[in-house]
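Trainee: Sequence plus the predicted model coming up.
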Amino acid sequence: MKNIHVLPYTPQLQGLYTIIRDKTTRRDDFRFYADRIIRLLIEEGLNFLPIEEKRVVTPTGSDFKGAVFRGEICAVSIVRAGESMEHAVKEVCKRVRIGKILIQRDEETAEPILFYSKLPPDLKKRYVLLLDPMLATGGSACKAIEVLKDVGVAEEKIIFVNLIACPEGIKRLTSEHPEVKIITGFIDKELNEKAFILPGLGDFGDRYFGTE
């Protein structure tokens, strides 16, 4: 699919995913190596922002034809696990604004419900990095995209960044929001009956924040 982009599965990435998938990995190691993957994903997401040509003069007095990003950017994390990805965004995007969306599942209907959102007032003018480590059923991600669209953000300006996705979540998201770009590090096999990704890595938020 044209809007799904998976990081090349290099030996480095294979090693990093092996560590964070291992149930015996300590929390400090899980955080450290997850952060390394997140940094790679954010850098990849930035590759899909529009640029325009810019010429500069180097210290040697030579002309150089380069490029500069055209537009403004904002990151929006889906609370709570998505907050783990904010630090990497701040490291590579100077003075970036960060919004928050809190979505929880209704216990009776299993459908996502919006509980809270705090977004920059000029969000519709910006390109949005939507942050959530896991794309499982796709319910939370789709609800978050609806929130962004409701305030005027165009689908094609939304880049959804996650560590692990599964076919079920990808199918739902691409069906409901076909112009949203998905940047992921790995596409796993399937969901189990409890909507956990297999082989997965467990509950990312619990492992990252130490609330297992």
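Mentor: Here it is on my side, so go on. The structure presented is a predicted model; accordingly, all values stated were derived computationally and were not measured.
Trainee: Would you check that Leu46 makes contact with Val92?
Mentor: Yes. Leu46 is in contact with Val92 according to Cβ atoms under 8 Å; the separation is 6.8 Å. Bear in mind the C-beta positions are built from the backbone N, C-alpha and C, glycine included.
Trainee: what about the helices in the chain?
Mentor: 11-21, 27-46, 86-92, 139-150, 167-176, 204-209 (DSSP state H).
Trainee: Go through those and name the closest to Phe115.
Mentor: Closest approach to Phe115 among the helices of the chain is made by helix 139-150 (10.4 Å; Cβ to Cβ).
Trainee: Next, the angle helix 167-176 makes with that closest one.
Mentor: 20 degrees (axes from the mean of the first three to the mean of the last three Cα atoms, to 10 degrees).
Trainee: what mean pLDDT does helix 139-150 have?
Mentor: Averaging pLDDT along helix 139-150 yields 96.
Trainee: what's the spacing between it and its chain's center?
Mentor: What separates the centre of helix 139-150 from the centre of its chain is 13 Å, taken as Cα atoms, centre = their mean, to the nearest Å.
Trainee: buried set for that helix?
Mentor: Gly139, Ser140, Ala141, Cys142, Lys143, Ala144, Ile145, Val147, Leu148 (16 or more other Cβ atoms under 10 Å).
Trainee: Val56 contacts Ser62, doesn't it?
Mentor: No. Using Cβ under 8 Å, Val56 is not in contact with Ser62; the gap is 9.5 Å.
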